[in-house]
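Asker: Sequence first, predicted model second:
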Amino acid sequence: MNAMTSPSITLDLTPQGTMQRLEWLAWFSDSALRIPGTSRSVGADGVLSLVPGVGTLVGTGMSLYVIGEAVRHGVPARLLTRMGLNIAADTALGAIPVIGFVFDMAFKANTRNLNLLRQHLAETHR
């Protein structure tokens, strides 16, 4: 999937349905817009970081949805903590004007957390 291709969304509550929703959220929040003239992309989280205060809160709210789904699927506390630290770093550094936008292009917390959840689900559903 590239920055211009949106994954599909379903209301399926199985682990597969959850992953589809979270793949869309990670794409939307981390990579939906390609920056012209570069191979870099940024999503709603990066764009929202340009709006002081409110933008950071909205971006954090999207990220907390990933944590909520992880809890629903029984992710252990140790992994939830790691996911929370990704969100905390994204929130803290993303709140800094200009630097936050650049950080959001590189860090992509929701994609990181999606990958952690994907790995956990693959290990537990073997």
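Answerer: Perfect, I can see it now.

Asker: so what's the residue positioned nearest the centre of the chain up against?
Answerer: The residue lying closest to the centre of the chain (CA atoms, centre = their mean) is residue 110, at 1.6 Å. If you count contacts by CB atoms under 8 Å, 6 or more residues apart in numbering, residue 110 has them with 22, 25, 26, 29, 30, 45, 62, 63, 66. (Glycine included, C-beta is placed from N, CA and C.)

Asker: if I look at it, how far off is residue 26?
Answerer: Counting by CB to CB, to the nearest Å, the separation of residue 110 from residue 26 is 4 Å.

Asker: can you tell me the distance between the two ends of stretch 33-50?
Answerer: 15 Å (CA to CA, to the nearest Å).

Asker: Buried residues, it. List them.
Answerer: 41, 42, 43, 44, 45, 46, 47, 48, 49 (16 or more other CB atoms under 10 Å).

Asker: Please list all residues in contact with the second one.
Answerer: Residue 42 sits next to 30, 31, 32, 33, 35, 101, 104, 105 when contact means CB under 8 Å, 6+ apart.

Asker: ok, what's across the strand from it?
Answerer: Listed beta-bridge partners, residue 42: residue 33 (assigned using DSSP bridges).

Asker: Which pLDDT value belongs to it?
Answerer: pLDDT for residue 42: 88.

Asker: Start at 43, not 1
Answerer: In the new count, where the first residue is 43, that last one comes out as residue 84.

Asker: Give me the distance between it and residue 158.
Answerer: The value you get for residue 84 to residue 158, if CB to CB is used, is 21 Å.

Asker: Which SSE is immediately downstream of the helix or strand where residue 148 lies?
Answerer: Using DSSP states H and E, residue 148 sits in helix 141-149. Later in the chain than helix 141-149, the nearest helix or strand by DSSP H and E is helix 151-166.

Asker: That next one relative to helix 141-149, how many degrees between them?
Answerer: For helix 151-166 against helix 141-149, the angle by axes from the mean of the first three to the mean of the last three CA atoms, to 10 degrees is 30 degrees.
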